[in-house]
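> sequence unknown, structure follows:
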DNA sequence: AACGTTATGTAATATTATATCATGGAGAAG
DNA sequence: CTTCTCCATGATATAATATTACATAACGTT
Ligand SMILES: [Zn+2]
Ligand SMILES: [Zn+2]
Ligand SMILES: [Zn+2]
Ligand SMILES: [Zn+2]
């Protein structure tokens, strides 16, 4: 959070109250939060509650690398490596819904090396894995 | 299409008119079609037009490996390797929206080998790359 | 002070997806 | 042939996600 603030100062980005609050909310969770869940939490915190409030803050956070969108959940998580250029991959536990960010072991070059894809210039790759986390797996085995 | 029919007979799956039509529609396109686009096309073809018609057919096709959902587009494409177990990866052209399916060069084991992820048992991974296809790239360079 | 830029307020609406309950049709069991 | 069961479809409503559009405010620059 502190580092986010520093990063914004350095890059002349405005970490306004709403944006800041949304980032705090995301950082508190290890799950992905939907835009409307965030909207509810914002309202509870005294912010206005129309959808654009949440979506604008989320757009800002995603564009500036503070958060990621998890496409298969239509939800958002705080980035675990903000301020660095990285290609994230996500692990989503289908049981407890925890989301872990890791770094993609696969470079874009790697993927574009496969046959019928050489014709593509890849700009961004999303990788989202679904499974069970360790603690949920243990519970399942009982 | 013929092979889809054979596959269904063999596996005792019902390739009903609506399901068949949706598969035909997907096969005709190299782009991903949204559920409501499909719904419109179904209506044009004389089918009923409530959302569940399209979603049920799409669910059937996805579950049985005839189609895939592209999460970042909320849209669907025909599978290029139906009837085989595979982990697809998709290349989406941001210009012409063509979607190409390729096979993931990365096994699940591969991804789960990365450090903080060893705690996950991965069941399914989606990979979706955005970029520009060859022909659109050429046009851009003019 | 006037201006341009960026962010917020507000209302309306668009898009995507699901829940629910009723109806129909084909094959198996009797 | 009939009844039962299973699966698929019909139909209505509603939920969940996301964007458009236009007005207002805040802030730094000139
Ligand atoms: Zn990240
Ligand atoms: Zn879990
Ligand atoms: Zn496929
Ligand atoms: Zn293209």
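Thanks, I have the structure now. Keep in mind the model is a prediction, meaning the values are calculated, not measured. Numbers count the residues shown, from 1 in each chain, chains lettered A, B, ... in the order given. Ligands and ions are numbered 1, 2, ... in the order given.

> helices or strands next to the one helix or strand residue A:39 maps to in the packing?
Per DSSP states H and E, residue A:39 falls inside helix A:35-44. Helix A:35-44 makes packing contacts with helix A:17-28, helix A:51-63, strand A:75-78 when contacts are defined by 3 or more CB pairs under 8 Å, 6 or more residues apart in numbering or on different chains; DSSP states H and E. (C-beta placed from N, C-alpha, C; glycine too.)

> Of all the residues in the last one, which ones are buried?
By neighbour count, and taking 16 or more other CB atoms under 10 Å in any protein chain shown as the criterion, the buried residues in strand A:75-78 are A:75, A:76, A:77, A:78.

> just checking, what packs against it?
helix A:17-28, helix A:35-44, helix A:51-63, strand A:67-70.

> can you do 6 Å?
If contacts are counted by 3 or more CB pairs under 6 Å, 6 or more residues apart in numbering or on different chains; DSSP states H and E, strand A:75-78 sits against strand A:67-70.

> and the strand it packs on, how far out from the chain's middle?
Distance, stretch centre to chain centre, for strand A:67-70: 2 Å (CA atoms, centre = their mean, to the nearest Å).

> Please identify which residue in chain A comes closest to ligand 4.
residue A:120 (8.7 Å; CB to the ion).

> rewinding a little: the helix holding residue A:39 and DNA strand C in contact?
No: against DNA strand C, helix A:35-44 shows no contacts by CB under 7 Å from any atom of the strand, the least distance being 9.2 Å.

> which is the next helix or strand following the helix or strand bottoming out on mean pLDDT in chain A?
Lowest by mean pLDDT, DSSP states H and E among the helices and strands of chain A is helix A:108-112, with a mean of 54. Remark: after helix A:108-112, the chain's next helix or strand is strand A:120-133, criterion DSSP H and E.

> Can you name the residues of chain A sitting close to ligand 1?
Within chain A, the positions near ligand 1 by CB under 5 Å from the ion are A:79, A:81, A:88.

> Bridged to the residue nearest to the spatial centre of chain A, which residues?
When CA atoms, centre = their mean is applied to chain A, the residue found nearest the centroid is residue A:68 (2.4 Å). Beta-bridge pairing of residue A:68 under DSSP bridges involves residue A:77.
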